[in-house]
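1. Sequence first, then the predicted structure:
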Amino acid sequence: MSRETRALQDDEATGPAVLWLLDGEALWKRNCVGCHGNMKTDMKGVAARYPKFDGKRLMNLEQQINLCRVERQKEPAFAYESRDLLSLTVFIGRQSRGMPIDISESKPHLDAGRATFFRRQGQLHLSCSQCHDERSGKSLVGNLIPQAHPTGYPIYRLEWQNLGSLQRRLRNCMIGVRAEPYAYGSQEFVELEYYLMWRAQGMKLETPAVRP
Amino acid sequence: MSRVVVNVPATARRGEVIEIRTLAGHDMETGFRRTQLGELVPRNIITKLLCTYNGVEIFSADLHPAVAANPLIAFTTVATESGTLQFRWIGDNGYSATQTASITVV
């Protein structure tokens, strides 16, 4: 990450993600304070524990928000990747900035995610691991290949000129190897997210991050 | 979606050079892009930012299609007296946003 990108990420007052954080705070005040009173204390560390297996199903933070909305508030779910859902996710994520990722282990889901990570796919017949384990630190058409630690999602990506979720970023990679991307919110995607977050265990959450 | 954010120091010493940072949430659609069906997406950008300090214009900028989405504009001025800074963004399709910030000069 270049120095300029880092400066944008560290700019708490006028970084690009502020626009979403303010929207998220407004949504929070309108919909969530009834149950989760104080966001500064109640939501601290929450984002560092997702995706999470609750005994019945594996859910990422976006799905947890929508579950709350549908089951408890009796409101229609936010569409995946919609501005409202991103704003609320980034606002909740922001409360855990700087805290270590702390994923609890659920073996079947972890194994499924790991299998996806190592499975060769697409026309280029590449697995996630071949770039992000074996070739991390090298470059791909001038861009540095990262180690695939999703520590800052949702991120403001300069290429998108927009905020986006981890699944949007994963679709990007899948289209890159010419594979058919999974649908937003699908089990395969959540399991892959889960494996990636487990892999980044202990690293500090930097939501909202800025990336080129 | 016309959220704007400004960051002005709350207090400053008289004669001090202060940095002002402004961020405007805007798509900045260039007018050169096409849809998958080949239709041109009409231009929709912020064209101007104006800043006044106690009614006196201290900074203005013209923005063009090459400016990225959510433009961040930072500039400096000299803190002369306590008062308010007013910011105004003007753009295509009647876009207009204003924001004020107050500063205490000691």
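-> Received the coordinates, thanks.
2. going forward, measure contacts and count neighbours with C-alpha atoms only.
-> Noted.
3. Surely B:V41 and B:M28 touch.
-> No. Using C-alpha atoms under 8 Å, B:V41 is not in contact with B:M28; the gap is 11.5 Å.
4. So for the two, which sits in the more crowded spot?
-> More crowded of B:V41 and B:M28, by other C-alpha atoms under 10 Å in any protein chain shown: B:M28, with 23 against 13.
5. Setting aside sequence neighbours, what's the nearest residue to the more buried one?
-> Counting by C-alpha to C-alpha, 6 or more residues apart in numbering or on different chains, B:I45 is the residue found nearest to B:M28 once chain neighbours are left out, at 4.3 Å.
6. Would you report the backbone torsion angles of that neighbour?
-> phi -130, psi 160 (degrees, to the nearest 10).
7. For it, give me its contacts.
-> B:26-30, B:63-65, B:91-92 (C-alpha atoms under 8 Å, 6 or more residues apart in numbering or on different chains).
8. Any of those residues buried? List them.
-> Buried members of the contacts of B:I45, counted by 16 or more other C-alpha atoms under 10 Å in any protein chain shown: B:26-30, B:63, B:65, B:91.
9. Does the residue most central in space within chain B have any beta-bridge partners, and if so which?
-> Centroid-nearest residue in chain B: B:L49, 4.5 Å away (criterion: C-alpha atoms, centre = their mean). Beta-bridge pairing for B:L49 (DSSP bridges): B:A61, B:W89.
10. Could you measure from it over to A:H125?
-> 49 Å (C-alpha to C-alpha, to the nearest Å).
11. In three-state terms, label B:T76 for me.
-> strand (DSSP: H, G, I helix; E, B strand; the rest coil).
12. from what I can see it touches B:T22, true?
-> No. With contact defined as C-alpha under 8 Å, B:T76 does not count as touching B:T22 (11.4 Å).
13. More neighbours: these two, which one.
-> Higher neighbour count among B:T76 and B:T22: B:T22, with 20 against 12, using other C-alpha under 10 Å.
14. give me the element that one is part of.
-> For B:T22, the host element (DSSP states H and E) is strand B:17-24.
15. cool, A:R114 as well?
-> Here A:R114 is assigned to helix A:107-118, by DSSP H and E.
16. Now do that helix: distance to the chain's middle.
-> 17 Å (C-alpha atoms, centre = their mean, to the nearest Å).
17. Just the buried residues of it, please?
-> Applying 16+ other C-alpha under 10 Å to helix A:107-118 flags A:109-110, A:112-114, A:116-117 as buried.
18. Same list, those, but only the ones touching chain B.
-> Among those, no residue sits close to chain B (C-alpha under 8 Å from any C-alpha of the partner chain).
19. show me the contacts for the residue nearest to A:R135 when sequence neighbours are not counted.
-> Spatially, and ignoring its direct neighbours in sequence, A:R135 is nearest to A:I145 (7.0 Å; C-alpha to C-alpha, 6+ apart). Residues near A:I145 by C-alpha under 8 Å, 6+ apart: A:131-132, A:135-139.
20. Could you tell me which of the residues you listed belong to strands?
-> In strands, judged by DSSP state E, the following of the contacts of A:I145 are found: A:S139.
21. Can you redo the contacts of A:I145 as JSON lines, where the extra columns are pLDDT and neighbour count?
-> Formatted as JSON lines, the contacts of A:I145 follow (pLDDT from 0 to 100; neighbours: other C-alpha atoms under 10 Å in any protein chain shown):
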{"residue": "A:C131", "pLDDT": "95", "neighbour count": "18"}
{"residue": "A:H132", "pLDDT": "96", "neighbour count": "17"}
{"residue": "A:R135", "pLDDT": "95", "neighbour count": "15"}
{"residue": "A:S136", "pLDDT": "94", "neighbour count": "16"}
{"residue": "A:G137", "pLDDT": "94", "neighbour count": "14"}
{"residue": "A:K138", "pLDDT": "95", "neighbour count": "14"}
{"residue": "A:S139", "pLDDT": "93", "neighbour count": "12"}
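22. Nice, that's everything, thank you.
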